[in-house]
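Student: just coords:
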């Protein structure tokens with residue numbers, strides 16, 4: 001059984017582009033502190049890189065498997081760890097998305113006192 005090696009889904013240039021786009025999205029949330037924007041951008045980039053690296057390692061190991069039981073016994077636990085790392089990176093991204101959604105909701109809420117102050121001039 002032959003397996004084709006596949007190229008990684010993303011390159012480091014792709015990570016840089018996605019991180020930049022994520023930073024632009026964060027910049028659109030005006031009420032968000034710069035400190036949070038910086039930290040959330042770092043978390044995003046780290047999760048994307050972790051996922052990409054785990055994927056590359058997984059596909060490398062997968063490509064070297066011949067399909068016999070010895071390979072599964074030897075390489076299976078390693079592959080499971082790579083899948084687990086990709087899952088943890090996905091979980092980090094989901095938690096980050098939840099934090100951002102909550103921050104956007106908070107920014108969208110209208111403060112009646114602030115609205116009155118703006119109208120009064």
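Tutor: Nice, thanks for sending it over. All of these numbers come straight from a predicted model, not from anything done at the bench.
Student: Next, count neighbours for residue 16.
Tutor: If you count neighbours by other CB atoms under 10 Å, residue 16 ends up with 12. (C-beta placed from N, C-alpha, C; glycine too.)
Student: where does it land in three-state SS?
Tutor: In terms of secondary structure, residue 16 is helix; the call rests on DSSP: H, G, I helix; E, B strand; the rest coil.
Student: Per-residue confidence, it, what does it come out as?
Tutor: pLDDT for residue 16: 92.
Student: ok, now residue 79?
Tutor: Note for residue 79: predicted pLDDT of 94.
Student: Give me the neighbour count for the closest residue to it other than its chain neighbours.
Tutor: Among residues not flanking residue 79 along the chain, residue 61 sits closest, at 5.4 Å (CB to CB, 6 or more residues apart in numbering). Using other CB under 10 Å, residue 61 has 17 neighbouring residues.
Student: can you give me the offset of the helix or strand that contains residue 61 from its chain's centre?
Tutor: Element membership of residue 61, judged by DSSP states H and E, is helix 34-64. Chain-centre distance of helix 34-64: 6 Å, with CA atoms, centre = their mean, to the nearest Å.
Student: Pull out the buried residues from it.
Tutor: Residues of helix 34-64 classed as buried by neighbour count (16 or more other CB atoms under 10 Å): 37, 40-41, 43-45, 47-48, 50-52, 54-59, 61.
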